[in-house]
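Trainee: sharing a model that was predicted from the sequence below.
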Amino acid sequence: MFRGDVAIADVLADDRSILALHQGVVVAVPRPGLGLRDQQFIEQFRHDVVDELTAVVGMKPQNAEGKLPEQGLQHGFQSRFANLRGGAHHLPLRHFIHRIDVIDPLHPSGDGNFWNVEHFTGQLSPVSDARYFVKVGEEFRHGLLAHLIFQNLKSIVWPVSTGGLRENGVGGYDWPLMLHASDEAHAQGALVTWAHWPYPSLEAPLDIALGRIDSIDLLTTGDPFAHHPILVDVYKMRGPKVYSLAPVDVYYHYLNCGFRVAMSSGSDKMALNPPLGSARTYVRTDAPLTYDSWIEGIRKGHTFATNYPLLEFSVNGVGPGRHGETHAWQCAPVGEGHGKVVRSVRPSGGHYAAVIDESIEVDRGGWIAARTHGPKMLPNGATWWQMPVFAHTSPVYLDMPGRPAPAAESARLFLDQLEYLERWVREGNFPTEDNRREALDLVRQARKIYQRLAREES
């Protein structure tokens, strides 16, 4: 039996906030001295922006009556900005880092051209201090495979962009794969994050199965509960069955397969909208706060991502990214979960707070996470910048030796996508046939993992 608690509250404003939320007001004020244009973005929200707080599970849950809940899962300049700020007096966020802002300007590219290379030093910027960290990172890109963020690099991972027009120029090679670039970044101790998940994500079932991805930025571009048609067209996301699923659902399917990928986010600002710092990652560090300990906190999944609410979440006293052993508990037989909402509550009171503190019985391993969202769309601009009020924790992983979470349904989705990836590899523009054979071998390695999961009994 697992007993957990989830809490939500507004963020309190102060005079240094990058994105402070207080009684329905959003204020975005970039800190002076960072080379960014000082501007202020203020927008009023109605008091009902947060609609519900939910506990989401990826194992086999049951409700208080012993039945499955009937409801389904509801679901240029670039900058990566994470505002890490605790201190709401009614929510005990003492263990999350307090009053620290992290700016990680990306190293953008396109059409074979590169900008702001001179700003990359592999070190924290001189404008950093004990409260604010500024470090230039990199976005490694391919128009069909992935856009990946490398943070805490010591040197640039070349060629930065691969593929043809819009990325590495006409005739550009589809090599190296995102997997190879991730290996080079990891060798430097960097964090590898999937940018603006899931646009694009053809290589995702390969990279995630083979352990190359540390986190995904779910709350960066568009609505987590629905694909945006413009982005689907831009990244040619047609064919694989998984492309028909909501971005948050796809994340849950990877968790169902037993892959451990943290939740993160950043504003990915490259135009007037969205506001700088509109999406943020809060991190619980295991060591005194440094940029390195912040990176490691994300890698371990001690996080929640948000564009408005704060979340505090634990299961049997275990927080996000950690593991809970279940073999010592008596667990009743229950129906299938696979990322279904098992508990929901609506916020109330002057601070619009909500709490879930209940027990859930399970008979298999899996995962549990918390999320909150509302019906109102944030005024972050038109097209794909529109998103609802939303926050989501990384999962707590439930380990039950000999009884893993059922993963067959999820694995079959990714086997289908691997067929499309293999077809692309056979037709891609590789420097040598040895490169193509290496890519095909990697696809075969990932396929074996999903085939094993697909054979396991639910």
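Mentor: Sure, I can see it.

Trainee: where along the chain do the helices fall?
Mentor: 178-187, 204-209, 229-234, 247-256, 291-299, 408-427, 433-455 (DSSP state H).

Trainee: run through the stretch 151-300 of the chain and note the low-pLDDT ranges.
Mentor: Applying pLDDT under 70 to the stretch 151-300 of the chain flags the ranges 270-272.

Trainee: could you redo the last one with a cut-off of 90?
Mentor: By pLDDT under 90, the low-scoring segments of the stretch 151-300 of the chain are 159-160, 164-172, 219-223, 226-232, 234, 266-280, 285-290.

Trainee: hmm, back to that, I'd like the helices of the chain as CSV, with mean neighbour count and distance to residue 147 appended.
Mentor: All C-beta atoms are positioned from the backbone trio N, CA, C, and that covers glycine. Supplementary listing: the helices of the chain in CSV, determined by neighbours: other C-beta atoms under 10 Å; distance: least, C-beta to C-beta, whole Å:
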stretch, mean neighbour count, distance to residue 147
helix 178-187, 20, 9
helix 204-209, 25, 11
helix 229-234, 14, 11
helix 247-256, 24, 14
helix 291-299, 20, 17
helix 408-427, 19, 16
helix 433-455, 16, 19
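
Trainee: and of these, who's closest to residue 365?
Mentor: Closest approach to residue 365 among those (C-beta to C-beta): helix 247-256, 10.9 Å.

Trainee: which elements pack onto the closest one?
Mentor: Packing partners of helix 247-256 (3 or more C-beta pairs under 8 Å, 6 or more residues apart in numbering; DSSP states H and E): helix 204-209, strand 366-377, helix 408-427.

Trainee: any idea which of those gets closest to residue 260?
Mentor: strand 366-377 (8.6 Å).

Trainee: relative to that closest one, what are the paired strands and their orientations?
Mentor: strand 52-57 (antiparallel), strand 388-393 (antiparallel), strand 396-399 (antiparallel) (DSSP bridges).

Trainee: weakest of those in terms of mean pLDDT?
Mentor: Sorting the strands paired with strand 366-377 by mean pLDDT places strand 52-57 lowest, at a mean of 60.

Trainee: just the strands in the stretch 251-400 of the chain please.
Mentor: Using DSSP state E, counting those that start in this stretch, the strands of the stretch 251-400 of the chain run over 262-264, 280-283, 303-306, 310-315, 323-325, 340-345, 354-360, 366-377, 388-393, 396-399.

Trainee: export the ones you listed as JSON lines, with columns for mean neighbour count and distance to residue 170.
Mentor: Below are those laid out as JSON lines (neighbours: other C-beta under 10 Å; distance: least, C-beta to C-beta, whole Å):
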{"stretch": "strand 262-264", "mean neighbour count": "29", "distance to residue 170": "34"}
{"stretch": "strand 280-283", "mean neighbour count": "28", "distance to residue 170": "36"}
{"stretch": "strand 303-306", "mean neighbour count": "29", "distance to residue 170": "37"}
{"stretch": "strand 310-315", "mean neighbour count": "23", "distance to residue 170": "46"}
{"stretch": "strand 323-325", "mean neighbour count": "15", "distance to residue 170": "48"}
{"stretch": "strand 340-345", "mean neighbour count": "19", "distance to residue 170": "47"}
{"stretch": "strand 354-360", "mean neighbour count": "17", "distance to residue 170": "53"}
{"stretch": "strand 366-377", "mean neighbour count": "23", "distance to residue 170": "38"}
{"stretch": "strand 388-393", "mean neighbour count": "24", "distance to residue 170": "39"}
{"stretch": "strand 396-399", "mean neighbour count": "22", "distance to residue 170": "45"}
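
Trainee: do you know which of those lies nearest residue 194?
Mentor: The nearest among the strands of the stretch 251-400 of the chain, by C-beta to C-beta, is strand 262-264 at 9.0 Å.

Trainee: excluding chain neighbours, what is closest to residue 239?
Mentor: Once flanking residues are discounted, residue 239 sits nearest to residue 420: 5.1 Å by C-beta to C-beta, 6 or more residues apart in numbering.

Trainee: for that neighbour, which residues are in contact?
Mentor: Shown in contact with residue 420 (C-beta atoms under 8 Å, 6 or more residues apart in numbering): 202, 239, 240.

Trainee: among those, which one has the most neighbours?
Mentor: Most neighbours among these, by other C-beta atoms under 10 Å: residue 202, with 24 neighbours.

Trainee: how much space separates that residue from residue 424?
Mentor: Distance check for residue 202 against residue 424: by C-beta to C-beta, to the nearest Å, it reads 7 Å.

Trainee: joint contacts of these two?
Mentor: The contact lists of residue 202 and residue 424 share residue 144, where a contact means C-beta under 8 Å, 6+ apart.

Trainee: pLDDT score assigned to the closest residue to residue 405 other than its chain neighbours?
Mentor: Nearest residue to residue 405, sequence neighbours excluded (C-beta to C-beta, 6+ apart): residue 366, at 3.7 Å. According to the prediction, residue 366 has pLDDT 88.

Trainee: which strand residues bridge residue 366?
Mentor: Judged by DSSP bridges, the bridge partners of residue 366 are residue 398.

Trainee: ok, it to residue 252 distance?
Mentor: On the measure of C-beta to C-beta, residue 366 and residue 252 end up 11 Å apart.

Trainee: ok, residue 387 next?
Mentor: 18 Å.

Trainee: could you do residue 293 as well?
Mentor: 28 Å.

Trainee: number of nearby residues for residue 177?
Mentor: 26.

Trainee: what residues does it make contact with?
Mentor: 145, 203, 206, 439, 442 are the contacts of residue 177 under C-beta under 8 Å, 6+ apart.
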